[in-house]
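> missing the sequence, but the structure's below:
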């Protein structure tokens, strides 16, 4: 375990400022939303608010049921006696290791408690009533919600036919755009946008527009990172998280990677103290060379077996390279969700752009077997058995789930 001394002499000036600087902007108090918030909001809108049970099957929030790796668990257990310390050296040793692995200077990375805070702060920092937010549709909603708080106009561009981002349309959406957001692989579709498409955005976006590439799910796919644009000094910010393949959604750790001047603009919106358990678990995970390839294969094998079953039963779905996928249930998605919840199998929400689709997280092989049984039973239930009033309420409230 790293020493818990107070010697910060090896840290960059930027890193010391980031650690010591307090939040000063009023917008920092705005709510930071995570996948868990959206999952619960969807359940509440549909009248389904189950009490969490360790015995239930939860395929609704893109979590990793494997949890932290063995090395991360051991690191957490070993550091618990130091839980009364802030342990600032852990910040800098973790950022140094991560910067080395990403091939960027240490002042190009900033650690957060997950990727949700920097997503929120980036939207606040680069959008305004005169600088719009451009995103795909459907995509992960948190960035758009933060941009709405900033008073920005939202340009939600439909995905292309192959469910990649329509980068040409996104670039043309607004010459005064403040931020273009690309989630790659995308949430909820699990589909990827090619490196060539992202290169197109960097080369053709309006001058002064920042590109935010959310790579929360990249380890689960064969997609190529946009990190070369950060190394080249472009107006690009990349987000990474330990919530997905590393199985640390409840422990919290993530990074923003960008030029120092771009990261500095995020500082104005806050920098919460990191839990030492998250930092030490992230460091242990990064040092485990087998973790990513082993888990990537396990999740892909389970996902592909589920796809084979869906095909065999003539269910329509969007092929995914991530730990989630979408199925077209040919009716309002909440109907299927409600039926499956009765079996204590909880699947994800729908998006207004794809109202008859439901998102399903890839769980353990045994959980996906239970999913198959419950899903088929739900699909065999006539759609006419449902009251449509809750669906109208969800549309009125702006939350289609």
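Noted; the coordinates are in hand. Please read these numbers as outputs of a predicted model, since none were measured by experiment.

> would you say residue 296 is within a helix?
Yes: according to DSSP: H, G, I helix; E, B strand; the rest coil, residue 296 belongs to a helix.

> show me what contacts it?
By CB atoms under 8 Å, 6 or more residues apart in numbering, the contact set of residue 296 is 219-220, 245. To be clear about C-beta, it is placed using only N, CA and C from the backbone, and glycine gets the same treatment.

> now, which of those residues sits nearest residue 356?
Nearest to residue 356 out of these is residue 220 (CB to CB; 25.2 Å).

> going along the chain, name the helices of the stretch 101-250 of the chain.
Under the criterion DSSP state H, counting those that start in this stretch, the stretch 101-250 of the chain contains helices at 116-126, 142-149, 167-172, 195-204, 227-231.

> can you tell me which of those helices is most buried?
With neighbours taken as mean count of other CB atoms under 10 Å, the helices of the stretch 101-250 of the chain reach their highest mean count in helix 116-126, at a mean of 27.

> figure out how far that helix is from the centre of its chain.
Distance of helix 116-126 from its chain centroid, counting by CA atoms, centre = their mean, to the nearest Å, is 13 Å.

> so where's the stretch 51-200 of the chain uncertain?
Residue ranges of the stretch 51-200 of the chain with pLDDT under 70: 51-54.

> what's the neighbour count on the residue lying closest to residue 348 once chain neighbours are set aside?
Excluding its sequence neighbours, the residue lying closest to residue 348 (CB to CB, 6 or more residues apart in numbering) is residue 359, at 3.5 Å. Other residues within reach of residue 359, judged by other CB atoms under 10 Å, total 29.

> buried ones in the strand or helix carrying residue 359?
Counting by DSSP states H and E, the element that carries residue 359 is strand 357-361. By neighbour count on 16 or more other CB atoms under 10 Å, the buried set for strand 357-361 is 357-361.

> how is the chain carved up into domains?
Domain ranges of the chain: 31-62+291-397, 68-286, per automatic domain parsing.

> among these, which is the most enclosed?
Comparing the domains of the chain by mean count of other CB under 10 Å gives domain 68-286 as most buried, with a mean of 21.

> tell me how far that one lies from the chain's centre.
In terms of CA atoms, centre = their mean, the centre of domain 68-286 is found 8 Å from the chain centre.

> can you give me the end-to-end span of it?
Terminal residues of domain 68-286 are spaced 12 Å apart (CA to CA, to the nearest Å).

> next, work out how far apart the residue nearest to residue 272 when sequence neighbours are not counted and residue 152 are.
Nearest residue to residue 272 in three dimensions, chain neighbours excluded: residue 113, at 5.8 Å (CB to CB, 6+ apart). Using CB to CB, to the nearest Å, one gets 25 Å for the distance from residue 113 to residue 152.

> kindly provide the distance from the spatially most central residue of the chain to residue 249.
Centroid-nearest residue in the chain, with CA atoms, centre = their mean: residue 216, separated by 4.8 Å. Noted for residue 216: a distance of 10 Å to residue 249, by CB to CB.
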